[in-house]
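J.: sequence-free structure coming up:
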């Protein structure tokens, strides 16, 4: 858990399934909550509303931010939004993926490259990083020295690109241009698995 003047990053893991291209996989997803004792944002809403609400506690949720719209990252987003009274924000390039999980239900708002989401006095900078999904984004909190990468960058390499709406060359380009240019000590909080740092990721993309 990272802290700065009352700001903290809380974490939990929820379990469920990921479905795309006619295949279903069991997955464990990270959920990240950023804020102070009063206000917070939720990064991704995978499988379990009750567990996410436990992590949030009594805080006001400013927004539910989707790193991308694969079903294992947004499955309970509308339910969570209704429970906590917060908007769900998704990059519009992921509309096709969102509609697969939530047909007829639109997100409450859009994310855009360069947008700043403010919570508890700090800024989360939206970085559009397509490749794993067309509307994949990362959230960089420079004041905390962290970036939330969803399934764009993992400990060990880039996210998967073997399914529909993904592209290996595009994700590598996104990582090189948008993430590897961040300070090397930046902690990378991922959508699945362990966290890493930008410095640890750099050698993986030297060739």
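T.: Now that the structure is in, tell me what you want to look at. This structure is a prediction, so every number in the text was calculated from the model and none was measured.
J.: mind listing what the closest residue in space to residue 120 that isn't next to it in sequence touches?
T.: Excluding its sequence neighbours, the residue lying closest to residue 120 (Cβ to Cβ, 6 or more residues apart in numbering) is residue 36, at 4.1 Å. In short, each C-beta sits where N, CA and C put it, glycine included. Counting by Cβ atoms under 8 Å, 6 or more residues apart in numbering, residue 36 makes contact with 6-8, 59, 120-121.
J.: Now these in a markdown table, please, with extra columns for distance to residue 169, pLDDT and secondary structure.
T.: Compiled in a markdown table, these are given as follows (distance: Cβ to Cβ, whole Å; pLDDT from 0 to 100; DSSP: H, G, I helix; E, B strand; the rest coil):
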| residue | distance to residue 169 | pLDDT | secondary structure |
| --- | --- | --- | --- |
| 6 | 42 | 88 | coil |
| 7 | 36 | 95 | strand |
| 8 | 37 | 97 | strand |
| 59 | 40 | 98 | coil |
| 120 | 37 | 97 | coil |
| 121 | 39 | 96 | coil |
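J.: Only whichever of those are buried, select them in PyMOL.
T.: Applying 16 or more other Cβ atoms under 10 Å to the contacts of residue 36, the buried members can be selected in PyMOL as follows:
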select buried, resi 7+8+59+120
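J.: could you dump the contacts of residue 36 to CSV with distance to residue 180?
T.: Shown next, in CSV, are the contacts of residue 36 (distance: Cβ to Cβ, whole Å):
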residue, distance to residue 180
6, 30
7, 25
8, 26
59, 33
120, 28
121, 28
